[in-house]
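Asker: Dropping a prediction and its sequence here:
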Protein chains: 2
Amino acid sequence: MQNKPSLPVIKRLPRYYRYLGEMEQSGVVKVSSSELARMMGTTASQVRQDFNCFGGFGQQGIGYNVKLLREELGKLLFGRRPVPTVLIGAGNLGHAMANYLRKDAQGFALQAAFDVKPEMVGLTLCDVPILDMKELGSYCAEHRPKVAVICVPREAAAQVARQLIDLGVRAFWNFSHYDFSIEFPDVVVENVHLGDSLATLSYEVNNNL
Amino acid sequence: MQNKPSLPVIKRLPRYYRYLGEMEQSGVVKVSSSELARMMGTTASQVRQDFNCFGGFGQQGIGYNVKLLREELGKLLFGRRPVPTVLIGAGNLGHAMANYLRKDAQGFALQAAFDVKPEMVGLTLCDVPILDMKELGSYCAEHRPKVAVICVPREAAAQVARQLIDLGVRAFWNFSHYDFSIEFPDVVVENVHLGDSLATLSYEVNNNL
């Protein structure tokens, strides 16, 4: 019997995947649930429960094969083929994230960037064209991107979000402070709130150091 | 009696601050704990408890003055003067984060960037000099930065972290996958794990859309 994985379980998968990659690079062949638990800061029983959500991946008492376990997690995380992705907002942050997507990440195929600035339209960013935001509708109708990376200022984000959702995009890597979940509880969103992260750091530095 | 604020409370402060800024911009003067609670997705009692950790900020039944409350939270979050900060790793991600620190963030004064690439040393990045990593020791001895932004590849991060901690840096905005908390439980770290965030998004797109 498999349980449907909860969000905390899903959020642990990338870390398992990362640690297994490091083990594989160091030539480690087998790993026990207790060793994984130690790296993850959790218990062996939690590790086994996590994996049981996806069918188990191993046999009790023998430990997991590092390479196979990582492959299985990789299939779960990254699917069979890269997901067509667009970038909205080709400024500095957008540029950095486009680079990150293409060089450091798996699972996403960046296919176009969009911006409102006339001087950027027609240029390329990480080998993809920068298109005018006015072309977003026709582009989406033709290419059906599944994911949008939102790197526009806060003021623009709400409207861009509504437009993209109307156009069928259902998953977002969101760097803006627009909160998708209030208006659109059913879309998939990963928020990266750089400002909140920095403000928390600032609090700690000013009050606890 | 004030309780020492827990990490979850601290992590809510930037969101309160953000929402209050939006209210102030819209001309809102007073706000009740229930209204704040609704924006935060929590309860009025939780909001009052959060603020009681810092002395309260308001009088029961009257509501909070938006501008004053925001100013108080701002003092807590950002202190009196910007904290001297260095950037380690002046590549694309480092460039974007330097920009972000200077244009979009409060509380940090970026003073220098460091890189190992000879062709970058001597250039400037967002008006600060890019110095050779070999100069990090003498720079820190002279300028005593309090915060380092870590934008180096995973392979380099552990060594850079140890070096900075030896040099007296105690707070980190960490984009690498190096886990400070294992070796250095006492330093202040805000991790931004872009790769884990993308992998989680990829899982959701491949399995739940």
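Answerer: Here it is on my side, so go on.
Asker: top helix in chain A by residue count?
Answerer: When chain A is parsed with DSSP state H, its longest helix is helix A:7-25.
Asker: pLDDT below threshold where in chain A?
Answerer: For chain A, the stretches flagged by pLDDT under 70 are A:1-3, A:59-60.
Asker: Okay, strands next: where are they in it?
Answerer: A:30-31, A:64-65, A:83-88, A:108-115, A:124-125, A:128-132, A:147-150, A:171-174, A:188-191 (DSSP state E).
Asker: What number of residues are in the vicinity of A:Glu142?
Answerer: Number of residues near A:Glu142 (other CB atoms under 10 Å in any protein chain shown) recorded here: 9. Where you see a C-beta, it was placed from the backbone N, CA and C, and this is true even at glycine.
Asker: distance of it from chain B?
Answerer: Using CB to the nearest CB, to the nearest Å, one gets 20 Å for the distance from A:Glu142 to chain B.
Asker: cool, A:Ser138 as well?
Answerer: 23 Å.
Asker: Please list all residues in contact with that residue.
Answerer: Taking CB atoms under 8 Å, 6 or more residues apart in numbering or on different chains as the contact definition, A:Ser138 lies against nothing.
Asker: distance from the centroid: which residue in chain A tops it?
Answerer: A:Gly61 (33.3 Å; CA atoms, centre = their mean).
Asker: got the strands of chain A as CSV, with mean neighbour count columns?
Answerer: Listed next are these as CSV, based on neighbours: other CB atoms under 10 Å in any protein chain shown:
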stretch, mean neighbour count
strand A:30-31, 18
strand A:64-65, 20
strand A:83-88, 23
strand A:108-115, 21
strand A:124-125, 15
strand A:128-132, 18
strand A:147-150, 26
strand A:171-174, 24
strand A:188-191, 19
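Asker: for these, which one sits closest to B:Ala141?
Answerer: Smallest distance to B:Ala141 across these (CB to CB): 39.0 Å, for strand A:188-191.
Asker: could you say what helices and strands that closest one packs with?
Answerer: strand A:171-174, helix B:194-208 (3 or more CB pairs under 8 Å, 6 or more residues apart in numbering or on different chains; DSSP states H and E).
Asker: Just say which of the ones you listed is most tucked in.
Answerer: strand A:171-174 (a mean of 24; mean count of other CB atoms under 10 Å in any protein chain shown).
Asker: how close does the closest residue to A:Leu209 other than its chain neighbours sit to A:Met39?
Answerer: Ranked by CB to CB, 6 or more residues apart in numbering or on different chains and with sequence neighbours excluded, the top spatial neighbour of A:Leu209 is B:Arg170, at 5.4 Å. Separation of B:Arg170 from A:Met39 (CB to CB, to the nearest Å): 25 Å.
Asker: What of A:Met97?
Answerer: Distance from A:Met97 to A:Met39, by CB to CB: 28 Å.
Asker: And for A:Ala148?
Answerer: 33 Å.
Asker: Likewise for A:Ala199?
Answerer: Separation of A:Ala199 from A:Met39 (CB to CB) stands at 30 Å.
Asker: For the closest residue in space to A:Lys67 that isn't next to it in sequence, grab the count of nearby residues.
Answerer: Nearest residue to A:Lys67 in three dimensions, chain neighbours excluded: A:Glu24, at 5.8 Å (CB to CB, 6+ apart). By the criterion of other CB under 10 Å, A:Glu24 has 16 neighbours.
Asker: tell me the contacts of A:Glu24?
Answerer: Counted by CB under 8 Å, 6+ apart, A:Glu24 has contacts A:Val66, A:Lys67, A:Arg70.
Asker: Looking at the residues you listed, which one is closest to chain B?
Answerer: For the contacts of A:Glu24, the closest approach to chain B (CB to the nearest CB) belongs to A:Arg70, at 12.5 Å.
Asker: Please name the residues that touch that closest one.
Answerer: Per CB under 8 Å, 6+ apart, neighbours of A:Arg70: A:Tyr17, A:Leu20, A:Gly21, A:Glu24.
Asker: Please repeat the previous calculation with a cut-off of 10 Å.
Answerer: A:Arg70 makes contacts with A:Tyr16, A:Tyr17, A:Arg18, A:Tyr19, A:Leu20, A:Gly21, A:Met23, A:Glu24, A:Val31, A:Tyr64, as judged by CB atoms under 10 Å, 6 or more residues apart in numbering or on different chains.
Asker: Thank you kindly, that will do.
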